[in-house]
Structures are given as structure tokens and as C-alpha cells.
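Novice: could you work out the structure for the sequence below:
(one chain, ligands or ions: 2)
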Amino acid sequence: MDDDYKPGLIGQIKDKLINTKQQWAKDGRLLTGEAPAAPGGRRLPPGQRLTRDWPVLDLGVQPNILLDKWQLTIGGLVEKPTKFTWNDFLDLPQTDTVSDMHCVTAWSRYDNHWSGVLARDLIKAVKPRKEVKHVVLQSYDGYATNVTFEHFSGPDVILAHSWEGSPLKREHGGPVRMLLPRWYLWKSAKWVKHIAFLDRDAPGYWEVRGYHNEGDPWKEDRYG
Ligand SMILES: Nc1nc2c(c(=O)[nH]1)N[C@H]1C(S)=C(S)[C@@H](COP(=O)(O)O)O[C@H]1N2
Ligand SMILES: [Mo]
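Specialist: Numbers count the residues shown, from 1 in each chain. Ligands and ions are numbered 1, 2, ... in the order given. Prediction:
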């Protein structure tokens, strides 16, 4: 973690919101105890409600990264550590996906259209070594989250720069955010800056504050 939680940023973080979420984690708020969905069954995971708008959730800092300053660096156990500029990023294969979002605060939003670079295409470009088991996503606001390499390699995992045909808005993580649609949305780092491929796990911002390490909405992996 190169520059986690800089003091200057910490000062701006909405402590109240964070404390509330941590308290929810402690209390086990929103857990229904329902069983995981049967295969081929429902679309709305247990305890979730559908929303048509798109709430904004973050640590209270929405970094403004100009495209000519934007960089995505890839490090850790890879054959080709890489620094992508905006143009380099657009030179990678571009793909459109459609997926649902499930936030641990209990809203879900269906049929989001994303455009960007599939994690699979990024993996092809940087070639992780075979010891790699975990991935850490680090963001311009000091946020970090961890996923297994298996999760990161899913066919629907995308580094998105557009939503519904328009550039992703700053409040939703533009210029580029991750989308890991099979996991609660806290795994989908906004303003992604650095991706590290590791042979060990490294729990991120919410994972060390009471959230589950995995975050499967079908198993209600809300808090861990
Ligand atoms: N960089 C960064 N990414 C982040 C967060 C954050 O605070 N910083 N919050 C996470 C959480 S808890 C959620 S629910 C989603 C919210 O994404 P949205 O604001 O686009 O709905 O972003 C996730 N990614
Ligand atoms: Mo969240």
C-alpha cells in the first residue's frame, strides 16, 4: 500500500458516516438469515430492495483526476508491471457489459451498462505470476479493497470508464472504477489508481472495519 489514508484526506472523511457503518457491521444490521438463492432462482439477493436511482457512497472525498494526469499502475507479482496513461488504457481492448449492482446498505440496481476494459484483458496485458492468489485495488481517495484473484478474473469484471453510454461521473468513480458485479459494491473501487497482484491477502478499508472479507450478496456476506 503506497499511500493509504493520507492525513490530509483523513481530515476530510465523514467520520460520522463511517462510524455508523461500523456500528451496523457490529450489530449485524440488515441480515435476514435467508438461505442463498437457489440456482436459476431470484434476481434480488436476500435483504435487498430495488432502486431506480443510483445512490453515491464514499468516504466523503471525491478526487478530481484530470485525464492528462490520470494513471493506472499495475504492480506486485506480474511479469509486466505497467503504468497506463489514459491513452494507453483506451488502447486496451474495449468491451461493453451489463450487470446488476448490490450495495451492502441494501439497495440493488439492475441492468447497468458499462464500457471499459475487462479485468481479463488487463490480466492478459500484465501477466500475473502463477503464485498470485489475491488482488488489492487502491484508489485516489486512499480507499482500498481486496478480492481473490479468482473473483477478479471473473468474465464480468470490468474497469469501467462509461455508464449508460456517457463518461462515468466523478461522484461514481470516474475517470475509471472497478465493477465486480458478483460481490457487494464496496469491492468495486471507485477512482482506481493501483492494482496489486499478491500471493497473500491484504484486507482493505471496510474489510478491516467489520465488513466481510468476501462479500457475496447471495450468501449475505455483509459483515465478517
Ligand atoms: N475509492 C472508493 N471506492 C469505493 C468507495 C469509496 O469510499 N472509495 N466506497 C465503496 C462503497 S462502500 C460503495 S457502496 C460503492 C458505492 O458506489 P457508488 O457511489 O457509485 O454508488 O463504492 C465503493 N467503492
Ligand atoms: Mo457501501
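Novice: what residues does the protein put near ligand 1?
Specialist: 54-59, 103, 139, 141, 143, 172-173, 185-186, 188-191 (CB under 6 Å from any ligand atom). To be clear about C-beta, it is placed using only N, CA and C from the backbone, and glycine gets the same treatment.
Novice: out of the residues you listed, which are buried?
Specialist: Buried members of these, scored by 16 or more other CB atoms under 10 Å, are 57-59, 103, 139, 141, 143, 172-173, 185-186, 188-191.
Novice: strands - which of the residues of the chain next to ligand 1 land there?
Specialist: Those of the residues of the chain next to ligand 1 mapping onto strands are Ser139, per DSSP state E.
Novice: do stretch 87-101 and ligand 2 meet?
Specialist: No: contact of stretch 87-101 with ligand 2 is not found when judged by CB under 5 Å from the ion; the minimum separation is 10.3 Å.
Novice: report the buried residues of that stretch.
Specialist: Phe89, Leu92, Thr95, Thr97, Ser99, Asp100, Met101.
Novice: among the residues you listed, which are in helices?
Specialist: Among these, the ones falling in helices (DSSP state H) are Phe89.
Novice: Serialize the buried residues of stretch 87-101 to JSON lines and add fields for distance to Trp114.
Specialist: Converted to JSON lines, the buried residues of stretch 87-101 look like this (distance: CB to CB, whole Å):
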{"residue": "Phe89", "distance to Trp114": "15"}
{"residue": "Leu92", "distance to Trp114": "15"}
{"residue": "Thr95", "distance to Trp114": "9"}
{"residue": "Thr97", "distance to Trp114": "5"}
{"residue": "Ser99", "distance to Trp114": "7"}
{"residue": "Asp100", "distance to Trp114": "11"}
{"residue": "Met101", "distance to Trp114": "10"}
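Novice: ok, so of the buried residues of stretch 87-101, who is nearest ligand 2?
Specialist: Met101 (10.3 Å; CB to the ion).
Novice: tell me which helix or strand the closest residue in space to that closest one that isn't next to it in sequence sits in.
Specialist: What sits nearest to Met101 in space, not counting adjacent residues and going by CB to CB, 6 or more residues apart in numbering, is Arg109, at 4.7 Å. Assessed by DSSP states H and E, Arg109 sits inside strand 107-118.
Novice: and Arg129, how far is that from Tyr143?
Specialist: As judged by CB to CB, to the nearest Å, Arg129 and Tyr143 stand 26 Å apart.
Novice: can you check Arg49 too?
Specialist: From Arg49 to Tyr143 the distance is 25 Å (CB to CB).
Novice: residue boundaries of the helices in the protein?
Specialist: According to DSSP H, the helices that the chain contains are 7-10, 15-27, 86-91, 119-126, 149-152.
Novice: on that earlier part again, now the strand holding Arg109: buried residues?
Specialist: Quick answer for strand 107-118 (16+ other CB under 10 Å): Trp107, Ser108, Arg109, Asn112, Trp114, Ser115, Gly116, Val117, Leu118.
Novice: tell me the one of these nearest Pro45?
Specialist: Ser108 (6.9 Å; CB to CB).
Novice: report the beta-bridge partner residues of that closest one.
Specialist: In this entry, Ser108 is beta-bridged to Leu50, His102, by DSSP bridges.
Novice: how near is it to ligand 1?
Specialist: To ligand 1, Ser108 is 11 Å away according to CB to the nearest ligand atom, to the nearest Å.
Novice: what does the protein have sitting close to ligand 2?
Specialist: Leu57, Trp186.
Novice: who are the neighbours in contact with the closest residue to Pro55 other than its chain neighbours?
Specialist: Nearest residue to Pro55, sequence neighbours excluded (CB to CB, 6+ apart): Trp107, at 6.1 Å. Residues near Trp107 by CB atoms under 8 Å, 6 or more residues apart in numbering: Gln48, Arg49, Leu50, Thr51, Pro55.
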